[in-house]
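Q: mind folding the following:
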Amino acid sequence: MIDRLVEKIKETGAPIVVGLDPMLKYVPEQVQQKAFAQYGETLEGAAEAIWQFNKEIVDKTWDLIPAVKPQIAMYEQFGIPGLMAFQKTVQYCQEKGLVVIGDIKRGDIGSTSAAYAVGHLGRVKVGSKEYVPFGEDFVTVNPYLGSDGVNPFLDVCKEEKKGIFVLVKTSNPSSGEFQDQQIQGRPLYELVGEKVAAWGAELMGKEYSYVGAVVGATYPEMGKVLRKTMPKAYILVPGYGAQGGKGKDLVHFFNEDGLGAIINSSRGIIAAWQQEKYASFGAEQFGEASREAVLDMRKDIQEALESRG
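A: Prediction:
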């Protein structure tokens, strides 16, 4: 799957993943009202609204991007109907040829991680039959429990030729409370990065590993160090746009070949219609606003990569 992601990035010229994180406040009123007219102001109505919102954004951007990243919490807040919308979103995006990164941030003791891995990347056995529960191509993994929590994901990745992105240095302001702590003179995130490289050495594609890393755009200097620590890991970079990251901040996340990183933007794209820059599209053309935001982001990243020394 990592080889397919790399090929999609090369084809589109866009190392971009669109974060499908649909809070109701991002969904235009006409989409909400249509869903509520059908299902009422219920969890089912909310789930229908975010599904239709996602579908329109995907329909307007799928030809420009290699991947999407639905954040499962935004769906779980609407209960079982929300999870059904998550599943429909995953399937629809894959039908459009997109790589799907399930942003689930799971990690637990061995048996629990194994269940998470099977549920999101693998197949579950029911009697004599097997089923694919959610079927993402990649998921995000929290390594706080160490190898016990990660190895079950690696096992499923080997079987299914799928991948993971391990949290290494996240983009949120308080990430340093734990991740920057010094251990024998080195920050914890560097040690996690070394572990990612070791896990990945056992799961290689043609050029890159099936084990990637999450490193926030808001910490470009740390990204520079981690790029060298994990030369074969694809880096998923959140924090572009709404969290402050710009193309010029991202060049160190990429290898010299212009590959090795994929940049996430969530509300900067899906809620572009609410931004002054794209206000001319209005709520009725929210999908077109998202398309324009993707084009602008692609240009920003391409120009930054071309101008780096």
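
Q: quick one: terminal-to-terminal distance for stretch 279-287?
A: Taking Cα to Cα, to the nearest Å as the measure, stretch 279-287 stretches 12 Å from start to finish.

Q: so what's the model's average confidence on it?
A: In this model, stretch 279-287 has an average pLDDT of 97.

Q: contacting residues around it?
A: For stretch 279-287, the surrounding residues in contact (Cβ atoms under 8 Å, 6 or more residues apart in numbering) are 28-30, 53, 56-57, 59-61, 272-273, 288-289, 292. C-beta coordinates here come from the backbone N, C-alpha and C atoms, glycine included.

Q: out of the residues you listed, what pair is the most spread apart?
A: 29 and 61 (21.6 Å; Cβ to Cβ).

Q: neighbour-wise, which of the two wins?
A: residue 61 (25 against 8; other Cβ atoms under 10 Å).

Q: the more buried one contacts residue 292, correct?
A: No. Residue 61 is not in contact with residue 292 according to Cβ atoms under 8 Å; the separation is 9.9 Å.

Q: so how far is residue 176 from the nearest residue to residue 180 once chain neighbours are set aside?
A: Using Cβ to Cβ, 6 or more residues apart in numbering and skipping residues adjacent in sequence, the residue nearest residue 180 is residue 187, 5.1 Å away. Using Cβ to Cβ, to the nearest Å, we find residue 187 at a distance of 9 Å from residue 176.

Q: and if you look at residue 159?
A: Distance, residue 159 to residue 176, using Cβ to Cβ: 36 Å.

Q: ok, the two, which is more surrounded?
A: residue 176 (16 against 13).

Q: can you map out the strands along the stretch 51-200 of the chain?
A: Using DSSP state E, counting those that start in this stretch, the strands of the stretch 51-200 of the chain run over residues 67-68, 99-106, 124-126, 129-131, 138-141, 163-169, 182-183, 186-187.

Q: the residue nearest in space to the middle of the chain: what's it in contact with?
A: The residue lying closest to the centre of the chain (Cα atoms, centre = their mean) is residue 69, at 3.5 Å. Counting by Cβ under 8 Å, 6+ apart, residue 69 makes contact with 17, 18, 19, 20, 100, 101, 102, 103, 236, 264, 266.

Q: per-residue confidence for it?
A: Note for residue 69: predicted pLDDT of 98.

Q: what's around the residue nearest to it when sequence neighbours are not counted, how many residues?
A: Distances taken as Cβ to Cβ, 6+ apart place residue 101 nearest to residue 69, at 4.2 Å, with adjacent residues excluded. Counted with other Cβ under 10 Å, the neighbours of residue 101 add up to 27.

Q: only the buried subset of the contacts of residue 69, as a ChimeraX command please.
A: Here is the ChimeraX command that selects the buried residues among these (16 or more other Cβ atoms under 10 Å):
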select :17,18,19,20,100,101,102,103,236,264,266
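
Q: so which of the contacts of residue 69 comes closest to residue 140?
A: Looking across the contacts of residue 69 and measuring by Cβ to Cβ, the closest to residue 140 is residue 103, at 5.1 Å.

Q: which residues touch the residue lying closest to that closest one once chain neighbours are set aside?
A: Spatial nearest neighbour of residue 103, excluding adjacent residues (Cβ to Cβ, 6+ apart): residue 71 at 4.2 Å. Taking Cβ under 8 Å, 6+ apart, we find residue 71 in contact with 19, 20, 21, 103, 266.

Q: can you list those residues in TSV and add pLDDT?
A: Shown next, in TSV, are these (pLDDT from 0 to 100):
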residue	pLDDT
19	97
20	98
21	97
103	98
266	95
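
Q: now, which of those lie within strands?
A: residue 103 (DSSP state E).

Q: wait, which of the contacts of residue 71 is closest to residue 142?
A: residue 103 (11.3 Å).

Q: which ones are touching that closest one?
A: 19, 21, 69, 70, 71, 72, 139, 140.

Q: how close does it get to residue 207?
A: 24 Å.

Q: just checking, what packs against the lowest-mean-pLDDT helix or strand in the chain?
A: Counting by mean pLDDT, DSSP states H and E, the weakest-scoring helix or strand in the chain turns out to be helix 247-250, with a mean of 86. Helix 247-250 is packed against helix 220-229, helix 286-307, with contacts defined by 3 or more Cβ pairs under 8 Å, 6 or more residues apart in numbering; DSSP states H and E.

Q: at 10 Å instead, please
A: Where contact means 3 or more Cβ pairs under 10 Å, 6 or more residues apart in numbering; DSSP states H and E, helix 247-250 is packed against helix 220-229, strand 235-237, strand 261-265, helix 286-307.

Q: mean pLDDT lowest where, among the ones you listed?
A: Taking the mean pLDDT of those, helix 220-229 comes last: a mean of 91.
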